[in-house]
Structure formats: structure tokens, C-alpha cells
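Chemist: here is my input; please provide its structure:
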Amino acid sequence: MKLGAFSISIAVKDIHASRQFYEHLGFSVFAGDIARNYLIMKNGNALVGLFQGMFENNILTFNPGWDESANPLPEFDDVRSIQKDLKGKGIVLISEADESTSGPASFMIMDPDGNAILVDQHV
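Modeler: Numbering: from 1, shown residues only. As a prediction, the model looks like this:
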């Protein structure tokens, strides 16, 4: 199963303070819009999303079809295929991708400890 690029999406209280903190750790702004209260920070192949007021808890995120620089991958497992495989293994989905579609879609699951995992395909 190829899940694509990995990042953590962090629910932050003050996006400006969080940006500065992660810049001190060597991250730089890769994408996002601070005026809309979100930034994607990058340090090498490590990605951290900072989100103020968008969700309550942190989320582990995988992006099928993308590498860590948001470049499309020539081959990848489609989000619907991953979803179908996980459902077949008894994994309960919190939200589902419409399996009759193609292209961008997402689904969400929880790990055994209550950590949200978003599988979010943009291509």
C-alpha cells in the first residue's frame, strides 16, 4: 500500500507563534496562507501543517499521488483502492471517498489510540 507524502497537521492556538517556533527548528513556509490561518512548513522531506481554528486535534495526513514536495508521482495507489483494502481488513472509516468517482478524494480513520488519520488525494 503506497500512502504518498506524510505530514502532521497540528491544531495551533497562535499561528504566528507556531510559525516562528518551527522556523527556529529549520522549517520554512512551503504552502498555505497565514491570512486564512494555515501554513505548511517544510524541512527537508519533513512536513508540518499549522492550522489555527480549523480542527480540534492533531491529524496524521497521507497524500497518495504526491511526494513530499507536492509533485505528482508517476505511480501511486488511488485513495479509493486504499480505502477498499482497509475496509476489507475491518478498519472502520469515519468518512469515506465516493468509490464511483476518480481524482481528488479523501477518507478518514482513527488508530486504536484515537489519533485521526486523513488520507487525502489531490490528483
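Chemist: host element of residue 21?
Modeler: Applying DSSP states H and E as the criterion places residue 21 in helix 15-24.
Chemist: show me what contacts residue 93?
Modeler: By Cβ atoms under 8 Å, 6 or more residues apart in numbering, residue 93 lies in contact with 83, 86-87, 107-109. Heads up, the C-betas are built off the backbone N, CA and C, glycines and all.
Chemist: what about burial for these, which qualify?
Modeler: By neighbour count, with 16 or more other Cβ atoms under 10 Å, the contacts of residue 93 hold 83, 86, 107-109 as buried.
Chemist: quick check: buried residues in stretch 29-49?
Modeler: Neighbour-count burial for stretch 29-49 [16+ other Cβ under 10 Å]: 30, 32, 38-42, 47-49.
Chemist: got the CA coordinates for it in PDB?
Modeler: Below are the C-alpha coordinates for stretch 29-49, written out as PDB (Å, rounded to 0.1, in the frame of the first residue of the first chain):
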ATOM      1  CA  VAL A  29       6.900  28.100   4.700                       C
ATOM      2  CA  PHE A  30       6.200  25.700   1.800                       C
ATOM      3  CA  ALA A  31       2.500  26.500   1.200                       C
ATOM      4  CA  GLY A  32      -0.600  27.900   2.700                       C
ATOM      5  CA  ASP A  33      -2.000  31.300   3.600                       C
ATOM      6  CA  ILE A  34      -1.400  32.800   7.000                       C
ATOM      7  CA  ALA A  35      -4.300  35.200   6.400                       C
ATOM      8  CA  ARG A  36      -6.500  32.100   6.200                       C
ATOM      9  CA  ASN A  37      -4.900  30.700   9.400                       C
ATOM     10  CA  TYR A  38      -3.000  27.800   7.800                       C
ATOM     11  CA  LEU A  39       0.600  27.200   6.700                       C
ATOM     12  CA  ILE A  40       2.500  24.100   5.500                       C
ATOM     13  CA  MET A  41       6.100  24.200   6.800                       C
ATOM     14  CA  LYS A  42       8.900  22.100   5.300                       C
ATOM     15  CA  ASN A  43      12.300  21.000   6.500                       C
ATOM     16  CA  GLY A  44      13.900  18.600   4.000                       C
ATOM     17  CA  ASN A  45      11.300  15.900   3.500                       C
ATOM     18  CA  ALA A  46       9.500  16.600   6.800                       C
ATOM     19  CA  LEU A  47       6.200  18.400   6.600                       C
ATOM     20  CA  VAL A  48       4.200  20.100   9.400                       C
ATOM     21  CA  GLY A  49       0.800  21.800   8.700                       C
END
